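J.: no sequence for this one, just the structure:
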């Protein structure tokens, strides 16, 4: 006979399965290290998919550094509902977001939780948030390959896979290889690698300069035998757009950035369709 804790865990597992049955595709966005623009990629992937007419959910699983509310133009918003039935925050008619940042008005206070509590909150985001019928659920994981990515990989029934974000420097590429190996070990399909900060686009003339070198992400993906989805250049406008909660597909974004995102979403869609 199960004890109360085991019974609650099993009930929550059933709730997660029921919620995820209503979601067409679940995509986890992870990186081997911080500072590579993982949350920027997750936020703009959700925006880009929604702009194509998909019903999209974006789950901020980075409990200690929840930047998604700012990037989605939803800072200061609070989630509504009850602990067993949380309503995500709608940022567009077909894009809804849930973040730990929507659960506390104290946005400047740190989240000091041990591993089991963090895992419980993430399972609650999966099972107790009213995601409803969605074509995509994009999950922004914390950097690294620790408790939270492992909890989510083991809690979601049949996720489509993971996108790994890196930058061109070798230090980042080494951690990206670890993230790919982590995905393989926990049974996550690698949908592809995105090389972020790949070259700098001059705001005056539009010329692109390879500040950190380029092409390392694509070469590493080829070496690891996983798909390469594309590269996103650096541009001065990216910070201003992100801080204003506007997507990088916005008309004010440089053409090179908008084109990069269109190519990444096309490549991702092709990967997902190929597995159906």
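T.: Structure's in. What do you need? Since we're looking at a predicted model, the values are computed, not measured.

J.: Please make it C-alpha for all contacts and neighbour counts, starting now.
T.: Fine.

J.: For the stretch 151-276 of the chain, which residues score under the pLDDT cut-off?
T.: Applying pLDDT under 70 to the stretch 151-276 of the chain flags the ranges 200, 202-204, 206, 209, 211-214, 275-276.

J.: what about the spatially closest residue to residue 184 that is not a sequence neighbour, neighbour count?
T.: Closest residue to residue 184 apart from its sequence neighbours, by C-alpha to C-alpha, 6 or more residues apart in numbering: residue 190 at 7.7 Å. When neighbours are counted by other C-alpha atoms under 10 Å, residue 190 registers 23.

J.: Would you mind measuring from residue 190 to residue 85?
T.: Going from residue 190 to residue 85 by C-alpha to C-alpha, to the nearest Å gives 31 Å.

J.: can you check residue 136 too?
T.: To residue 85, residue 136 is 20 Å away according to C-alpha to C-alpha.

J.: How about residue 131?
T.: Per C-alpha to C-alpha, residue 131 is found 10 Å from residue 85.

J.: Those two - which one has more neighbours?
T.: Using other C-alpha under 10 Å, the more surrounded residue of residue 131 and residue 85 is residue 131, with 25 against 15.

J.: show me the contacts for the more buried one.
T.: For residue 131, the contacting residues are 19, 57, 87, 88, 96, by C-alpha atoms under 8 Å, 6 or more residues apart in numbering.

J.: The second one reaches residue 99, doesn't it?
T.: No: counting by C-alpha atoms under 8 Å, residue 57 stays clear of residue 99, with 11.1 Å between them.

J.: and the two? which has more neighbours close in?
T.: Using other C-alpha under 10 Å as the criterion, residue 57 and residue 99 rank with residue 57 on top: 29 against 24.

J.: Can you tell me the SS state at the more buried one?
T.: strand (DSSP: H, G, I helix; E, B strand; the rest coil).

J.: What of residue 192?
T.: Counting by three-state DSSP, the backbone at residue 192 sits in strand.

J.: Quick check: closest non-adjacent residue to it.
T.: residue 227 (4.4 Å).

J.: what residues are up against that neighbour?
T.: With contact taken as C-alpha under 8 Å, 6+ apart, residue 227 is in contact with 190, 191, 192, 193, 221.

J.: any chance of these in TSV, plus distance to residue 36?
T.: Formatted as TSV, the contacts of residue 227 follow (distance: C-alpha to C-alpha, whole Å):
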residue	distance to residue 36
190	18
191	18
192	16
193	12
221	16
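
J.: Select from those residues the one having the most neighbours.
T.: When neighbours are counted by other C-alpha under 10 Å, residue 193 leads the contacts of residue 227 with 29 neighbours.

J.: was I right about that residue contacting residue 167?
T.: No: the criterion here is C-alpha under 8 Å, and residue 193 misses it with residue 167 at 10.1 Å.

J.: Please report how far the nearest residue to residue 148 once chain neighbours are set aside lies from residue 182.
T.: Spatially, and ignoring its direct neighbours in sequence, residue 148 is nearest to residue 119 (6.0 Å; C-alpha to C-alpha, 6+ apart). Per C-alpha to C-alpha, residue 119 is found 18 Å from residue 182.

J.: Check residue 172 too.
T.: Separation of residue 172 from residue 182 (C-alpha to C-alpha) stands at 15 Å.

J.: Next: residue 239.
T.: Taking C-alpha to C-alpha, one finds residue 239 at 30 Å from residue 182.

J.: between these two, who's got more neighbours?
T.: Between residue 239 and residue 182, counted using other C-alpha under 10 Å, the more crowded position is residue 182 (18 against 15).

J.: Would you agree that one is in contact with residue 145?
T.: Yes: using C-alpha under 8 Å, residue 182 is in contact with residue 145, at 6.8 Å.

J.: No further queries at this time; thank you.
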